[in-house]
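Q: Test case, fold it:
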Amino acid sequence: MIGELRDLRTQLLIVAGVLLLADVAAVGVLVSPLASGRAERQKQYETLRLEKMEKAQATAPARGIHEKIETTRKQESDFLNERLTRHYSAMSEQISHTAKEAGVEVSRVHYDDSLSQRDIPAGFQQLSITIQVRGSYEQDIRFLNAMERQKMMLLVDGVSFSGMKDGQLTVQVKISTFLRSDQ
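A: Numbering: from 1, shown residues only. The predicted model follows:
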């Protein structure tokens, strides 16, 4: 029994020594630069995390940019196909159709493509159209409104009244537009 107590005492001393060694090691780690390094690493991690969030917000508009570019190209193509023509005949047809719907009579159409092209993008040609129409005041106004609302880009630049005869008002309308060249 005394032998067993000695063995137990030896075992307890060994356990106490190991625990004391563990305490000394823990105090050493707390006092050493390793403990402050953890706090520094935590601070650096937090800084990097915030930086990552800021960059993610800054680049959010660029997400899906390929789809956005493709959509923009399609919209540009649709705009050009609907609003700008390659042929004088398409413009004449649109003007005649609009005049017929408004009930005015077109007596003269003059196209002028000799305008300065220096500020016009490549692939386009500026064109000025002068139209003389005759109808009642209401019909002339209806024609002007229809010209401004149609899909084809025909911009009314000026209107001048020439006179009135038999209840019919003669109006000269100056329109500008662009022609697309075949590219």
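Q: centre of the chain versus stretch 92-102, how much separation?
A: 34 Å (C-alpha atoms, centre = their mean, to the nearest Å).
Q: And the helices in this structure, which stretches?
A: Taking DSSP state H as the test, the helices found in the chain are 2-31, 33-59, 65-83, 88-102, 137-149.
Q: Asp119: which of those is closest?
A: helix 65-83 (18.5 Å; C-beta to C-beta). Where you see a C-beta, it was placed from the backbone N, CA and C, and this is true even at glycine.
Q: got the contact list for that closest one?
A: Helix 65-83 is contacted by residues Lys151, Met152, Met153, Arg180 when judged by C-beta atoms under 8 Å, 6 or more residues apart in numbering.
Q: returning to that earlier point: got the helices of the chain as TSV, with mean neighbour count, mean pLDDT and distance to Ser160 columns?
A: Supplementary listing: the helices of the chain in TSV, determined by neighbours: other C-beta atoms under 10 Å; pLDDT from 0 to 100; distance: least, C-beta to C-beta, whole Å:
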stretch	mean neighbour count	mean pLDDT	distance to Ser160
helix 2-31	10	82	94
helix 33-59	10	82	54
helix 65-83	11	86	26
helix 88-102	16	87	17
helix 137-149	16	90	12
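Q: How is the protein partitioned into domains?
A: By the assignment in automatic domain parsing, the chain contains the domains 2-62, 86-180.
Q: now these as TSV including distance to Gln75?
A: Below are the domains of the chain laid out as TSV (distance: least, C-beta to C-beta, whole Å):
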stretch	distance to Gln75
domain 2-62	18
domain 86-180	14
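Q: rewinding a little: now the helices of the chain as TSV including distance to Phe161?
A: Below are the helices of the chain laid out as TSV (distance: least, C-beta to C-beta, whole Å):
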stretch	distance to Phe161
helix 2-31	96
helix 33-59	57
helix 65-83	29
helix 88-102	16
helix 137-149	9
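Q: Can you tell me which of the contacts of helix 65-83 are classed as buried?
A: With burial judged by 16 or more other C-beta atoms under 10 Å, the buried subset of these is Met152, Met153.
Q: So which of the contacts of helix 65-83 belong to strands?
A: Members of the contacts of helix 65-83 lying in strands (criterion: DSSP state E): Arg180.
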